[in-house]
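*Asks:* the following block contains a protein sequence and its predicted model.
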Amino acid sequence: SFFKGLIRQFIRSLTSGISVNIVMLGYRGTGKSVISKILSVKLRMELYKIDDLISRSAGKSIPEIVAEEGWESFRKRESEIVAEVSCKAKNSIIDCGGGVVLNDANISNLKKDGVCVVLTASLETIMKRIRHDRNRPALQSGMSFEDEQKKNMEEREGKYQAAADFLCDTSNRRPEEIVA
C-alpha cells in the first residue's frame with residue numbers, strides 16, 4: 001500500500017539517525033485526523049494534533065475562536081502552533097488542519113524535518129463526510145455548503161500540490177485500508 005512505502009522510508013531515516021516527521025495535509029474531510037491516529041499507534045510515534053493544540057492554547061473550541069475572533073486570528077494562532085511544533089517534534093506525526101497551507105511559512109516550517117503527505121478526496125466524498133460536522137465552522141458566509149467546499153477546494157488545490165511529497169486519494173477507501 002501507499003503507506004508501506006512511506007513507512008519503509010521512515011524506518012530507513014531512523015536507522016540513519018535522521019529525524020523525520022510525517023506531516024498530514026489535505027482539505028477538511030479527507031481523513032487526516034483518523035489516519036494520523038492510526039499511524040501514530042501503528043508506528044508508535046507521538047501525535048501532534050494542530051487543531052487540538054490551538055483549542056487548548058486558546059481555552060476554547062475552534063468554532064468559538066472563529067465566531068469570537070475571526071478566521072484571521074485563528075490562522076495567526078495556527079501559524080504560532082505550527083512553528084512551535086515544527087521546532088520540537090522529532091520522529092512524530094503532525095496532523096494539520098486543512099487551511100495550514102494558506103500560509104507558506106507553515107509549510108516551510110513543517111518541511112524542515114517533515115515529509116508532507118497530502119490526502120485528497122472527491123468533493124462528493126468530502127460532502128458526505130463533513131456535512132453534519134458542527135466542529136467545522138463555515139469558511140465563508142453567504143454560500144451554500146456545497147459551493148463553499150467546491151470554491152475552497154479549488155483555491156487550495158495548487159497549494160496542496162506544491163506542498164506534497166506524497167499524494168493519497170482517500171475517496172473510496174477506509175482509513176484502515178489506507179494504512180494497511
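*Replies:* Right, received. Where do you want to start?
*Asks:* against which helices or strands is the strand or helix carrying V82 packed?
*Replies:* Element membership for V82, per DSSP states H and E: helix 71-88. Where contact means 3 or more Cβ pairs under 8 Å, 6 or more residues apart in numbering; DSSP states H and E, helix 71-88 is packed against helix 50-58, helix 62-69, helix 104-112. Using the backbone N, CA and C atoms, a C-beta is placed for each residue, glycine as well.
*Asks:* make it 6 Å
*Replies:* Judged by 3 or more Cβ pairs under 6 Å, 6 or more residues apart in numbering; DSSP states H and E, helix 71-88 is in contact with helix 50-58, helix 104-112.
*Asks:* quick one: mean pLDDT for that helix?
*Replies:* Per-residue pLDDT over helix 71-88 has a mean of 96.
*Asks:* cool, stretch 130-146 as well?
*Replies:* Rounded mean pLDDT across stretch 130-146 is 77.
*Asks:* picking up where we left off before, buried residues in the helix holding V82?
*Replies:* 71, 74-75, 77-79, 81-82, 85-86 (16 or more other Cβ atoms under 10 Å).
*Asks:* which of the residues you listed lies closest to M127?
*Replies:* Nearest to M127 among the buried residues of helix 71-88: W71, at 21.1 Å, using Cβ to Cβ.
*Asks:* list the contacts of the closest one.
*Replies:* By Cβ atoms under 6 Å, 6 or more residues apart in numbering, no residues touch W71.
*Asks:* mind putting the buried residues of helix 71-88 in CSV, distance to D113 included?
*Replies:* Putting the buried residues of helix 71-88 into CSV (distance: Cβ to Cβ, whole Å) gives the following:
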residue, distance to D113
W71, 28
F74, 25
R75, 22
R77, 22
E78, 19
S79, 17
I81, 16
V82, 13
V85, 11
S86, 7
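*Asks:* in space, what's closest to V23 - neighbours in sequence excluded?
*Replies:* Closest residue to V23 apart from its sequence neighbours, by Cβ to Cβ, 6 or more residues apart in numbering: G114 at 4.1 Å.
*Asks:* V100 too?
*Replies:* N106 (4.9 Å).
*Asks:* kindly report the same for I22.
*Replies:* In this structure, I22 finds its nearest non-sequential neighbour in I93, 5.0 Å apart by Cβ to Cβ, 6+ apart.
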